[in-house]
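**Student:** sequence first, predicted model second:
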Amino acid sequence: MQNQNTQKAREIKVSKNLRFASDFGDVAYDLYEPLDDASDSASKDSSAQASKAPAQTPKIIQIAHGMIEHKDRYEWVAREFAKRGYIVAVSDHRGHGESVNESSGIALGSMGEDGFARASYDLYKLTCLLKERYEGARVVLLGHSMGSLLSRRYVSMYGEALSALVLSGSPALDPNLELGIKLAKMLRFFGAKTFGQKFFTKLLFGGFEKKFRKNGEMSGVGWLCSDKEVAKAYKADPKCSFMFDMESFLNLFLGMQDVYGEYPSPKNPHIPILFVSGNDDASGHFGVGVQRACAHLEAQGFDDVGILLYQGARHEILNEPIKAQVVADIALWLEAKGLQ
């Protein structure tokens, strides 16, 4: 069955670096609006809204990017969904891209005190702003990698605000997570922040890279994507050329612990959730960790959780050669959930 939204050519209005206030300064986000879709009601005057056909409920896909990257890397994905009639919003997390304010201690790689939880709240705040702008909108949150962890915290805290959740390239639960938390706290206590920053960067990403280094892939980024041009562009991107500081690593570890912990009472247990990952993704333990993440959410009381694993695909499933198929599969899943 072909998604009917792919039949219409759509002009897309792109608004770059819009901003809203957070505790550290401003969060930057981009907005992609299909101009010929009824969901663009915020841009039309009242007479245009009073047409014979009832206005379609706006559908928004809100994208949460991963660690050490930025919103501009999702332009192709955003445009693809906008072509299908979705309004798309992509924000930079604090300490990433344009969401920095060095006078508040938030620079590239520095998410600040309690940065993981506050970044998740930033996502929720953007959802609320989008719902104010597009009355009656239904919002789908699409989180990639670290963004998928932030999205899972979001759904445990503010799940009523969402109509669906898509989790891309989800990191597996590290069996040494508790040890990592203790070590990070110890290094912070002794002031070994620079050493700790380099240590955890090498430990985390070096482990992901091991298999692909043996195959002669580009150093440091082979695990990300099998498309060598994507890997090359990532490595050359100044907005991807930084390390997390110690505080941000610690908050990430603590955030992962919360995400894989117990959810006493899910806010929206019937929300449709879809995992999309490659079975050659080292971060997801080559599919096994993603299946366990799926089972974890089901164990917390979520009753509509699905998973799509793509043969031979690596971490950045939305940048892989099969990316068009992945977007089409997500669109068909959304259609099946009444969110086309």
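**Tutor:** Received, thanks. Predicted model only: the values in this text are computed from it and were never measured.
**Student:** measure residue 147 to residue 62 for me?
**Tutor:** 10 Å (Cβ to Cβ, to the nearest Å). Every residue, glycine included, has its C-beta placed from N, CA and C.
**Student:** who's more crowded, the two?
**Tutor:** residue 147 (28 against 24; other Cβ atoms under 10 Å).
**Student:** for the more buried one, give its distance to residue 84.
**Tutor:** For residue 147, the distance to residue 84 - Cβ to Cβ - is 21 Å.
**Student:** how about residue 182?
**Tutor:** 46 Å.
**Student:** so for those two, which sits in the more crowded spot?
**Tutor:** For residue 182 versus residue 84, neighbours defined as other Cβ under 10 Å are more numerous around residue 84 (26 against 11).
**Student:** surely that one touches residue 331?
**Tutor:** Yes - counting by Cβ atoms under 8 Å, residue 331 is a contact partner of residue 84 at 5.5 Å.
**Student:** which residues sit against stretch 293-313?
**Tutor:** 152, 156, 167, 170, 172-173, 226, 260, 262-263, 265-266, 269-281, 284, 287, 290-291, 317, 320, 322, 325-326, 329, 333 (Cβ atoms under 8 Å, 6 or more residues apart in numbering).
**Student:** what comes up buried for that stretch?
**Tutor:** Residues of stretch 293-313 classed as buried by neighbour count (16 or more other Cβ atoms under 10 Å): 293, 294, 296, 297, 300, 302, 305, 307, 308, 309, 310, 313.
**Student:** next, give me the two most distant ones among those.
**Tutor:** Longest distance between any two of the buried residues of stretch 293-313 is 26.8 Å, between 300 and 313; criterion Cβ to Cβ.
**Student:** sorry, back to before: same list (the buried residues of stretch 293-313) but as CSV, adding secondary structure and distance to residue 74.
**Tutor:** Below are the buried residues of stretch 293-313 laid out as CSV (DSSP: H, G, I helix; E, B strand; the rest coil; distance: Cβ to Cβ, whole Å):
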residue, secondary structure, distance to residue 74
293, helix, 22
294, helix, 23
296, helix, 26
297, helix, 24
300, coil, 28
302, coil, 25
305, strand, 24
307, strand, 22
308, strand, 19
309, strand, 22
310, strand, 18
313, coil, 17
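**Student:** can I get these in CSV including distance to residue 139?
**Tutor:** Below are the buried residues of stretch 293-313 laid out as CSV (distance: Cβ to Cβ, whole Å):
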residue, distance to residue 139
293, 22
294, 22
296, 23
297, 19
300, 21
302, 17
305, 18
307, 22
308, 21
309, 26
310, 25
313, 27
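**Student:** please work out how many residues are found near residue 223.
**Tutor:** 25.
**Student:** quick one, what contacts it?
**Tutor:** Here residue 223 is in contact with 205, 208, 209, 211, 212, 217, 281, 282, 283, 314, 315 (criterion: Cβ under 8 Å, 6+ apart).
**Student:** state the pLDDT value of it.
**Tutor:** Looking at residue 223, its pLDDT is 94.
**Student:** surely residue 27 is in contact with residue 17?
**Tutor:** No - here residue 27 does not reach residue 17: they are 10.5 Å apart, not a contact under Cβ under 8 Å.
**Student:** and these two? Which one has more around it.
**Tutor:** Taking neighbours as other Cβ under 10 Å, residue 27 and residue 17 compare with residue 27 leading, 24 against 14.
**Student:** and that one, what element?
**Tutor:** Assessed by DSSP states H and E, residue 27 sits inside strand 26-34.
**Student:** repeat for residue 254
**Tutor:** Going by DSSP H and E, residue 254 is part of helix 246-259.
**Student:** buried subset of the contacts of residue 223?
**Tutor:** Neighbour-count burial (16+ other Cβ under 10 Å) applied to these gives 205, 208, 209, 212, 217, 281, 282, 283, 314, 315.
**Student:** rank these by pLDDT and give me only the lowest.
**Tutor:** pLDDT across the buried ones among the contacts of residue 223 is at its lowest for residue 217, which sits at 64.
**Student:** okay, now the unreliable bits of this protein?
**Tutor:** 1-9, 37-55, 214-218 (pLDDT under 70).
**Student:** can you point me to the longest helix in it?
**Tutor:** Longest among the helix segments of the chain by residue count, using DSSP state H, is helix 193-214.
**Student:** pull out the buried residues from the next helix-or-strand element following that helix.
**Tutor:** Using DSSP H and E, the helix or strand that follows helix 193-214 in sequence is helix 228-236. By 16+ other Cβ under 10 Å, the buried positions in helix 228-236 come out as 230, 231, 234.
**Student:** thanks a lot, see you next time.
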